[in-house]
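Visitor: quick one: sequence and predicted model below, then my questions.
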Amino acid sequence: MKYAVGLVYNNKETNNNKYYIMWIEGNNVTVNWGRIDSNWQKKIFRHSTYEEAVKFINTKMKEKMKKGYWKWPIEKITASNSKEYI
């Protein structure tokens, strides 16, 4: 199973609506981010172990949550096409 985290930031006063999604594939962390309803950016962070990848995600998640982001459930599509949340 993939380890994934979705974060969202909304500020109506400044019209600032962003997302930050991270997931692990092997030992790599893929990150997508950007403004909601616009083009997103993508970067892959390579790590030597799965544990380092998890630590990277947890550290980044704490940093983002200190800035006002909040967790957002991420849907995982299974082989049977039923939705699960991770």
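Guide: Looks like it arrived, so ask away.
Visitor: from here on, contacts and neighbour counts on C-alpha atoms
Guide: Fine.
Visitor: pLDDT weak spots in the protein?
Guide: Within the chain, the stretches with pLDDT under 70 are 1-2, 74-86.
Visitor: in which helix or strand would I find I57?
Guide: Applying DSSP states H and E as the criterion places I57 in helix 50-66.
Visitor: bridged to the most centrally placed residue in the chain, which residues?
Guide: With distances taken as CA atoms, centre = their mean, the chain has I21 as the residue nearest its mean C-alpha position (1.9 Å). I21 has the following beta-bridge partners by DSSP bridges: G6, N32.
Visitor: output the contacting helices and strands for the helix holding I57.
Guide: strand 4-11, strand 16-25, strand 28-35 (3 or more CA pairs under 8 Å, 6 or more residues apart in numbering; DSSP states H and E).
Visitor: tell me which of those lies nearest to K60.
Guide: Between K60 and these, the shortest gap by CA to CA is with strand 16-25, which sits at 9.2 Å.
Visitor: and the angle from the closest one to strand 4-11?
Guide: With axes from the mean of the first three to the mean of the last three CA atoms, to 10 degrees applied, the angle from strand 16-25 to strand 4-11 works out at 170 degrees.
Visitor: contacts for strand 16-25?
Guide: Judged by CA atoms under 8 Å, 6 or more residues apart in numbering, the contacts made with strand 16-25 from elsewhere in the structure are 2-11, 29-36, 50, 53-54, 57.
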